[in-house]
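> Need coordinates for the below:
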Amino acid sequence: MSRLLPLFPLPVVLFPGTPLPLHIFEPRYRTLLADCMDGDRRFGIIFSPEAAGEESLAAGSVGCVARIESAQGLPDGRSNIVVAGQARFALERFVDTPHPYHVGEVADYEDEAESSSLLDELSERVRGMFTRVARAARTLADDPDPVPPLPDDPAQISFNIASMIDLDGPQRQLLLVSRSPAHRLRELESLLGTAVSALEARAQVHLHAKSNGHGPSAAI
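The predicted structure follows:
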C-alpha cells in the first residue's frame, strides 16, 4: 500500500533495526524535524551520494523509515537527533506539497521468502565470523567492551552487522536493496572472511607488543 512520507536524502544508509545519529542544520530539515516531532516522529532516509546530488533520486530508489528516538535542540536552531531504522520502502514518486523538504509517495519493500534452515546455517557462520572480527578489532583498539550482541533473526543479523562494519555508501545501499537475506549473509561472509585472518594476526602482534616480551603472550 502506498503512503506519503517526508524524505531526507543523505549520503548515508540507514538499516532496519539499527540506530543512527544525525545533526540537523539546514533550515528545510529543521522544519522537517519540527513537523515530524508534532506528528508520528517518522521520516524516510534515502541514500544520495554527495557528488550525485538529490536530483539522482528516481522512482524505485530504496530507503528506510527512520523513527526519531531522541532530539536535542541547540541554541542556534540546529539539533542532534538519534533515529532508529524501521521498515524499508521504495520511492514511487515525489509529490508537490507546500513543505520546503521532499515528500514522496512510497511503497513497502520486503524480503522474499527463503529456506529457514539455509538462513539459520548462514547466519550462524556469519555470526561466528563477526564475533572473531569484532574481538580482534577491540583488541587492536584496547577496547574492553564486549562484542555487540546480535539478534536471533537471520534477516536482521545481516542488517545489524552491515551497520557496524567498514563499508562505503554504495556497498551499504546494495545490501539495503537486496531482498534476499541469504544473499546479504553471503556477501557479509565474504567481506568478513577477507578481513578476519589479517585482523587476528595483527591483534596477536599487538598483545605481544603490549606484554613487552613477558607473560603468556610471549610463549611459543
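> Which strands and helices lie in contact with the longest helix seen in the chain?
When the chain is parsed with DSSP state H, its longest helix is helix 181-211. Contact partners of helix 181-211 among helices and strands, from 3 or more C-beta pairs under 8 Å, 6 or more residues apart in numbering; DSSP states H and E: helix 116-140, helix 154-164, helix 169-177. All C-beta atoms are positioned from the backbone trio N, CA, C, and that covers glycine.
> Which of these sits closest to residue 191?
helix 169-177 (8.3 Å; C-beta to C-beta).
> residues of that closest one that come out buried?
Going by neighbour count (16 or more other C-beta atoms under 10 Å), the buried part of helix 169-177 is 172, 173, 175, 176, 177.
> how near is the fourth one to residue 64?
What that stands for is residue 176. Plainly put, residue 176 is 7 Å away from residue 64 if you go by C-beta to C-beta, to the nearest Å.
> Give me the common contacts of these two.
Taking C-beta atoms under 8 Å, 6 or more residues apart in numbering as the contact definition, residue 176 and residue 64 share the neighbouring residues 13, 15, 88.
> Please state the backbone phi and psi of the last one?
Translated: residue 88. With angles defined as degrees, to the nearest 10, residue 88 shows backbone torsions of phi -80, psi 160.
> mind listing what residue 199 touches?
Counting by C-beta under 8 Å, 6+ apart, residue 199 has contacts 132, 133, 136, 137, 140.
> Now which of those would you call buried?
When the contacts of residue 199 are checked for burial by 16+ other C-beta under 10 Å, the buried set is 132, 133, 136, 137.
> how about the helix or strand bottoming out on mean pLDDT in the chain: buried residues?
Confidence across the helices and strands of the chain bottoms out at helix 181-211, with a mean of 93, counting by mean pLDDT, DSSP states H and E. By 16+ other C-beta under 10 Å, the buried positions in helix 181-211 come out as 181-185, 187-189, 191-192, 195-196, 199-200, 203, 206.
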